[in-house]
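In: Build the 3D model from these lines:
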Amino acid sequence: MKGLSIQDLPYDVRILVYEAILANHLCVNQNQQPSNDHIRVLHTCRQIFYEARALFHKYVSLRNDWEVDHYLAYLDSEPKTAPTVRWADVANDGRVLESTLGQTGPASRLYLVLARFVSLEKLRVFNVRHYHPHTTSMPNSRYQLNFEGAMFPAAKGFSPLLQAYELHLDPFTRANPFQTIPSNHIRSLRLSGDCHFRKTPLPALRHLTIHGVTSNAFDQIHFNSSFPNCQLDSFIHAQGHRLGFEIRNVHLESLLAGPGSCLRKLVLLGSSRLSSATIASCLRSLPTLEYFALSLVTVNELRENFILALGPSLQVLKLQITHAWYAVPLFEEERTICDTIEKKILLQHLPHKMVHVSFHSQLMAEHGRQDRWRNIAAAQHISLKIGPWEAEEET
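Out: Got it, this is the predicted structure:
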């Protein structure tokens, strides 16, 4: 029997396949910037080329100055391509060149490419890897660092009206967001690296991710005053680095008192500074919460059973409880949480679609708990995963 090929699928299904291919290609793992290998799919056959090229050409990845120069040459030969680009991943080392006359300008020609993306909606910025950047032999000049100025020089006058702006930076890469990029249209924001964030108007902001921010800019932050006049749908925090910003009780309380008062998705990874009482209070104030992921590192308390505070709208629960290397496991408190998950989440006829849990192995082995949970989940049509899940969580 002849095997089924993509050409045998209906046109609408083929379009969905192309979208899935691109979405999978765009996934970021450990701050590694995607390539442009998705374009190779277009060379599979003539039919795929004509059906998928409009979608695939909406995205471009520029990982170094060599790719920037080649893409500039391509745009010169295909000028109609640049206005179709909606999503761009770029590597930026932030270098600008200053002469003795006081004139400054980007060391890379990346800004020339970005200036042509007049329809750009989403920009993700990475560290430069794989290739040495341009150097200059211009006498009496020196390099300075200006993170956004290297991409969008203020003197050039062009700044995109981005809807999504993501920094996927190494822990000690310095960034000062919104120096030249307008913030009024940003709906999704991801901050990372040595990020020096200052109070910025973000009226359209709906999704905020803070991952591995190593500067002290957030240590004294109050979300209700630093992110005024916005209403978040989702908030994601991951410490991401041993020197990364740790979310504490005061931060979570100010988030819920301000922009996060109506969250539908809350993700807190690697949290060791949050008390169980604050977590419970937070969950009680979020009756519309649909997605809750918590990776909690206990130190000396787990007094409050915050599972009891989850509302009826919850559809996804991800919970991981470990203990600090210098602390004693809180088996009795964890056992109580396990019992509550079974009674309140697994056995109840509620719209829970996914449950991921990771507890100490001896707790899951007690009285056949792990096998019993799998049987309950199968009967209740719940997607259940038992074991570490934090590394798979999209941040």
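In: first to last residue in stretch 255-267, what's the distance?
Out: 13 Å (C-alpha to C-alpha, to the nearest Å).
In: Which positions within that stretch qualify as buried?
Out: Leu255, Leu256, Gly258, Pro259, Gly260, Leu263, Arg264, Lys265, Leu266, Val267 (16 or more other C-beta atoms under 10 Å). In short, each C-beta sits where N, CA and C put it, glycine included.
In: For that stretch, give me every contacting residue.
Out: 205, 208, 222-225, 227-228, 230-238, 282, 285-286, 288-294, 393, 395 (C-beta atoms under 8 Å, 6 or more residues apart in numbering).
In: follow-up on the earlier one: which two from the buried residues of stretch 255-267 end up farthest apart in space?
Out: Greatest spatial distance among the buried residues of stretch 255-267 (C-beta to C-beta): Gly258 and Val267, at 18.0 Å.
In: if we can go back for a sec, give me the subset of the contacts of stretch 255-267 lying in strands.
Out: Judged by DSSP state E, strands contain the following of the contacts of stretch 255-267: Leu208, Ser234, Phe235, Ile236, His237, Ala238, Tyr291, Phe292, Ala293, Leu294.
In: Please pick the buried ones from the residues you listed.
Out: Counted by 16+ other C-beta under 10 Å, the ones in strands among the contacts of stretch 255-267 give Leu208, Ser234, Phe235, Ile236, His237, Ala238, Tyr291, Phe292, Ala293, Leu294 as buried.
In: Dump these to a markdown table, plus distance to Lys58.
Out: Converted to a markdown table, those look like this (distance: C-beta to C-beta, whole Å):
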| residue | distance to Lys58 |
| --- | --- |
| Leu208 | 25 |
| Ser234 | 24 |
| Phe235 | 28 |
| Ile236 | 25 |
| His237 | 30 |
| Ala238 | 28 |
| Tyr291 | 27 |
| Phe292 | 33 |
| Ala293 | 30 |
| Leu294 | 35 |
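In: want to throw the residues you listed into TSV with distance to His38 and pLDDT?
Out: Formatted as TSV, those follow (distance: C-beta to C-beta, whole Å; pLDDT from 0 to 100):
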residue	distance to His38	pLDDT
Leu208	28	98
Ser234	26	98
Phe235	30	98
Ile236	26	98
His237	30	97
Ala238	27	97
Tyr291	28	97
Phe292	33	98
Ala293	29	98
Leu294	34	98
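In: Nearest to Glu366 among those residues?
Out: Closest to Glu366, out of all of those and judged by C-beta to C-beta, is Leu294, at 21.8 Å.
In: Is that closest one in contact with Gly270, as I believe?
Out: No - Leu294 lies out of contact with Gly270 (C-beta atoms under 8 Å); the separation is 10.1 Å.
In: What ranges in the protein fall below the confidence cut-off?
Out: Residues of the chain meeting the criterion pLDDT under 70: 1-4, 99-103, 130-141, 155-157.
In: Do a quick rundown of the helices in the chain.
Out: For the chain, the helices defined by DSSP state H cover 11-25, 46-56, 65-77, 110-116, 223-226, 249-257, 276-284, 331-340, 361-365, 369-380.
In: got the ones you listed as TSV, with distance to Asp89 columns?
Out: Below are the helices of the chain laid out as TSV (distance: least, C-beta to C-beta, whole Å):
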stretch	distance to Asp89
helix 11-25	10
helix 46-56	14
helix 65-77	11
helix 110-116	12
helix 223-226	27
helix 249-257	29
helix 276-284	34
helix 331-340	40
helix 361-365	39
helix 369-380	37
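In: out of these, nearest to His38?
Out: Taking the helices of the chain one by one with C-beta to C-beta, helix 11-25 is closest: 4.5 Å.
In: List the buried residues of the closest one.
Out: Arg14, Tyr18, Leu22, His25.
In: How about stretch 238-258?
Out: Quick answer for stretch 238-258 (16+ other C-beta under 10 Å): 238-241, 244-245, 247, 251-256, 258.
In: could you dump the residues you listed to CSV with distance to Gln33?
Out: Output for these, formatted as CSV (distance: C-beta to C-beta, whole Å):
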residue, distance to Gln33
Ala238, 19
Gln239, 22
Gly240, 17
His241, 19
Gly244, 20
Phe245, 23
Ile247, 27
His251, 30
Leu252, 31
Glu253, 36
Ser254, 33
Leu255, 30
Leu256, 34
Gly258, 33
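In: Asn127 and Thr214, how far apart?
Out: Taking C-beta to C-beta, to the nearest Å as the measure, Asn127 falls 14 Å from Thr214.
In: Sweet, I'm off.
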